[in-house]
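Asks: Provided below are the primary sequence and the corresponding predicted coordinates.
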Amino acid sequence: MRDLSLHVMDIVQNSLSAKSDRIDIIICARPEIDILEITIKDNGIGMDEDFLKEVKSPFKTTRTTRKVGLGISLFEASAKSASGELNINSQKNVGTVIKACFKISHIDRLPLGDLAQTITTLIMSQPDVEYVLNMDNQKECFVFNSYDIKKTMGEVPITQYEVIKWIGEYIDEGIKIIFGGVLDEIHS
Amino acid sequence: MKVEEFAKHFEMNVLTSEETLNKEITGMYICDLLSLVMSKAKKGDAWITVHTHLNIVAVALLAELPCIIIPEGISVEEATVNKASEEGVAILSTNKDSFKVACEAGKLL
C-alpha cells in the first residue's frame, strides 16, 4: 500500500464483512516517543482462537473465491518496515481490535495519505454503519462521529454530495490541526 | 520461455522444487510495493523484488506470476521457499541487481 489511509480502508472492509455496525478508527501520534499508532476497533462477529492464531498469514482468508487474503499481512509488513508491529485481539461475537504502530521518523514509514477520502468513501458505501474517527497528538484531540452528523442532519441523507464534501473538508482540517508538524508530510 | 530455461540461461539459483519450473514466462515486472504488484503486474510476468517475506508468495499466486526473482544475493527464508514450492511458484536467486537482470532479460522476452 502506498499510504496508511489505504491500509485503514482495507482493514475496515474486514470489519464490514464481519457485520460491524460501529467502527472506531483511532490515530494517535506520540511525538515524544516518535510513535504513531493506528487502531481499528469494531463490534463485528469476531474471530475464534484458531482463526486468530493464523490470521496474520497471507494464506488465511475467509474468502471463498481465492485462497489468499493480504489485508492484515500487508498492514503488518508496513508496520514492521517502520520499526513497528501489529497486534490483534478478537473475541467471538464481541468484535476485533487491530493496532499497528510505526516509528514516525522512520524513512520507510508510509505517509498518512488521504484519510478524509477514505472516511467519506466508507460512509458512502455503507452509510448505516457508525464510523468514529479519533485523532490525537497527546495535546489535542479531534473526534468525528458519523452518527452525530446523521442526528444533526435529520432528514437530509449523510450521503448527499454537500454533506460528504463538508465531512471531507472537516476531517482534512482536523488532520492539519492534530498532525500538522507532527507527521512531517502534513504542514500545520 | 519456461522458468527452467530462463533460470538456466541466466545462471540463476533455483530455490524451489523442480515442479515449480514448468510455467511460461511472458514478461517481467519490477516493484517492491506489494499492493502495486497485485494491481499492475501481468499474468506470466517474472517478478523481481527484494522482499522475501511469505507475502510475496501470496502476491505471486494472486497475480498469477510464475516466478519471483530475488536479486543481489539476498537470502530467502525457508518458510517462504517451502510455501512457494507447495504453491507452484518458482523462486530464483541471483547476485546481479534488478537493472542488470532486466537488461539481460529484455533481450529475450
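Replies: Thanks, I have the structure now.
Asks: how many other residues sit next to the closest residue to residue A:188 other than its chain neighbours?
Replies: Counting by CB to CB, 6 or more residues apart in numbering or on different chains, residue A:180 is the residue found nearest to residue A:188 once chain neighbours are left out, at 2.9 Å. Where you see a C-beta, it was placed from the backbone N, CA and C, and this is true even at glycine. Applying other CB atoms under 10 Å in any protein chain shown, we find 12 other residues in the vicinity of residue A:180.
Asks: and chain B, which of its residues are near chain A?
Replies: B:33-36, B:38, B:51, B:53-55, B:57-59, B:61-62, B:83 (CB under 8 Å from any CB of the partner chain).
Asks: And the residue of chain A that's closest to chain B?
Replies: Among the residues of chain A, residue A:58 lies closest to chain B, at 3.5 Å counting by CB to the nearest CB.
Asks: Show me what the helix or strand residue A:172 falls within packs onto, helices and strands only.
Replies: Here residue A:172 sits within helix A:161-179, counting by DSSP states H and E. In this structure, helix A:161-179 packs against strand A:22-30, helix A:115-125, strand A:130-136, strand A:141-145, helix A:146-153, with contacts taken as 3 or more CB pairs under 8 Å, 6 or more residues apart in numbering or on different chains; DSSP states H and E.
Asks: Check whether the second one comes near chain B.
Replies: When you say that, I think you mean helix A:115-125. No: using CB under 8 Å from any CB, helix A:115-125 stays clear of chain B, with a minimum separation of 14.5 Å.
Asks: Return the distance of that helix from the chain's centre.
Replies: 11 Å (CA atoms, centre = their mean, to the nearest Å).
Asks: buried sites along that helix?
Replies: A:115-116, A:118-123 (16 or more other CB atoms under 10 Å in any protein chain shown).
Asks: Most widely separated two among the residues you listed?
Replies: For these, the farthest-apart pair by CB to CB is A:115 and A:123; their separation is 12.8 Å.
Asks: Show me the shaky parts of chain B.
Replies: Regions of chain B meeting the criterion pLDDT under 70 are absent.
Asks: for it, what spans make up the strands?
Replies: B:13-14, B:27-30, B:45-48, B:67-70, B:90-93 (DSSP state E).
Asks: how about those strands in JSON lines, adding mean neighbour count?
Replies: Shown next, in JSON lines, are the strands of chain B (neighbours: other CB atoms under 10 Å in any protein chain shown):
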{"stretch": "strand B:13-14", "mean neighbour count": "15"}
{"stretch": "strand B:27-30", "mean neighbour count": "18"}
{"stretch": "strand B:45-48", "mean neighbour count": "24"}
{"stretch": "strand B:67-70", "mean neighbour count": "26"}
{"stretch": "strand B:90-93", "mean neighbour count": "24"}
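Asks: In TSV: the ones you listed, plus distance to residue B:20.
Replies: Shown next, in TSV, are the strands of chain B (distance: least, CB to CB, whole Å):
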stretch	distance to residue B:20
strand B:13-14	8
strand B:27-30	17
strand B:45-48	12
strand B:67-70	8
strand B:90-93	4
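Asks: Please work out which residue of chain B is closest to chain A.
Replies: Per CB to the nearest CB, the residue of chain B with the smallest distance to chain A is residue B:58, at 3.5 Å.
Asks: Nearest residue to that residue in space, please, no chain neighbours.
Replies: residue A:58 (3.5 Å).
Asks: show me what contacts that neighbour?
Replies: Counting by CB atoms under 8 Å, 6 or more residues apart in numbering or on different chains, residue A:58 touches A:68-70, A:73, B:54-55, B:57-59.
Asks: what does residue B:52 give?
Replies: Residue B:52 is in contact with B:70, B:74-77, B:80, counting by CB under 8 Å, 6+ apart.
Asks: Phi and psi next, for the closest residue to residue A:95 other than its chain neighbours.
Replies: Excluding the flanking residues, the one nearest residue A:95 by CB to CB, 6+ apart is residue A:43, at 4.3 Å. Main-chain torsions, residue A:43, degrees, to the nearest 10: phi -110, psi 40.
Asks: how close does the most far-flung residue of chain A relative to its centre get to residue B:104?
Replies: Using CA atoms, centre = their mean, the residue of chain A lying farthest from its centre is residue A:155. It sits 28.0 Å away. To residue B:104, residue A:155 is 66 Å away according to CB to CB, to the nearest Å.
Asks: Can you report how many residues neighbour residue 41?
Replies: Going with chain A. So residue A:41, with other CB under 10 Å, has 19 neighbours.
Asks: I was thinking of chain B, sorry if that wasn't clear
Replies: Residue B:41: 22 neighbours (other CB under 10 Å).
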